[in-house]
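>>> One predicted model, sequence on top.
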Amino acid sequence: MKKVALLAVAVLFSAVTFAQTSTPATAPAPATPPATNPVVKTQMKDLRKDVRAYDKQKALVKQDVKKGDLTDAKTALAAAKTDKADIKADAKVLKTEGVAHPVKLADKQVKKIDEKDVKADLKAVKTDKVTEQKDVKAGDITGAQAAQASLKADAKDLKKDVKAAKRDGIKHPIRRAK
């Protein structure tokens, strides 16, 4: 008899408990996803600039240490530390906006942009070479000279973009761009 009475009381308490709890309300969908939010876009752009600046300062520190110029290395290291602090602050803001792993995302975006720049420069160099060869075959000396000057400028841009891509962590940027 005691068991039946205790079972009845337990069933009564559980029924009361379930009756009091409400069904969880569904969370409202965000008005705009984080990727299309204009604030997030500007923050990501700022984070990408900070990541590039940090990479550049680290490269300058390495160059200065190789040269043996420790005073310049210390100043570049201090600048790198401020860039790193900016990166952390931007990442914190982006995490509150709903972006998962903002620094990793910014690194990927920087590398993608670098590859795109290298690919565009390679294409420009190839077209300038073809134009120069066509002008030489046609006998157009002024056109060939203009194409050669354009080729030099594009090769200089390519070299600069390859250097930036390597600094940002891309191995073999020309091979990857093909």
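That came in fine, so what should we check first?
>>> quick one, domains of the protein?
34-100, 103-178 (automatic domain parsing).
>>> Pipe the ones you listed into a markdown table and attach distance to residue 17 per row.
C-beta: built from backbone N, CA, C; applies to glycine. What follows is these, written out as a markdown table (distance: least, Cβ to Cβ, whole Å):
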| stretch | distance to residue 17 |
| --- | --- |
| domain 34-100 | 35 |
| domain 103-178 | 45 |
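>>> What's the local residue count around residue 65?
A total of 14 residues lie near residue 65 under the criterion other Cβ atoms under 10 Å.
>>> follow-up on the earlier one: mean pLDDT added to the domains of the chain, as CSV?
As requested, the domains of the chain are exported to CSV (pLDDT from 0 to 100):
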stretch, mean pLDDT
domain 34-100, 91
domain 103-178, 91
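>>> middle-most residue in the chain, spatially?
residue 106 (2.4 Å; Cα atoms, centre = their mean).
>>> how close does that residue get to residue 52?
According to Cβ to Cβ, to the nearest Å, residue 106 and residue 52 sit 9 Å apart.
>>> Residue 133 too?
From residue 133 to residue 52 the distance is 36 Å (Cβ to Cβ).
>>> can you pull out the helices in the protein?
Remark: helices assigned in the chain by DSSP state H are 2-20, 38-67, 70-97, 102-138, 141-167, 173-177.
>>> Give the buried residues for the second one.
Just to be clear, that refers to helix 38-67. Across helix 38-67, burial judged by 16 or more other Cβ atoms under 10 Å covers 40, 43-44, 46-61, 64.
>>> likewise the first one?
Applying a neighbour-count criterion of 16+ other Cβ under 10 Å, helix 2-20 contains no buried positions.
>>> Output that helix as PDB, nothing but the C-alphas.
What follows is helix 2-20, C-alpha atoms only, in PDB (Å, rounded to 0.1, in the frame of the first residue of the first chain):
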ATOM      1  CA  LYS A   2       2.900   2.400   0.800                       C
ATOM      2  CA  LYS A   3       4.400   1.700  -2.600                       C
ATOM      3  CA  VAL A   4       1.200   2.600  -4.400                       C
ATOM      4  CA  ALA A   5       0.700   5.800  -2.400                       C
ATOM      5  CA  LEU A   6       4.300   6.900  -3.000                       C
ATOM      6  CA  LEU A   7       4.000   6.100  -6.700                       C
ATOM      7  CA  ALA A   8       0.800   8.200  -6.900                       C
ATOM      8  CA  VAL A   9       2.500  11.100  -5.100                       C
ATOM      9  CA  ALA A  10       5.500  10.900  -7.500                       C
ATOM     10  CA  VAL A  11       3.200  10.800 -10.600                       C
ATOM     11  CA  LEU A  12       1.200  13.800  -9.200                       C
ATOM     12  CA  PHE A  13       4.400  15.800  -8.600                       C
ATOM     13  CA  SER A  14       5.800  14.900 -12.100                       C
ATOM     14  CA  ALA A  15       2.500  15.900 -13.700                       C
ATOM     15  CA  VAL A  16       2.500  19.200 -11.900                       C
ATOM     16  CA  THR A  17       6.100  19.800 -12.800                       C
ATOM     17  CA  PHE A  18       5.500  19.100 -16.500                       C
ATOM     18  CA  ALA A  19       2.400  21.300 -16.500                       C
ATOM     19  CA  GLN A  20       4.400  24.300 -15.200                       C
END
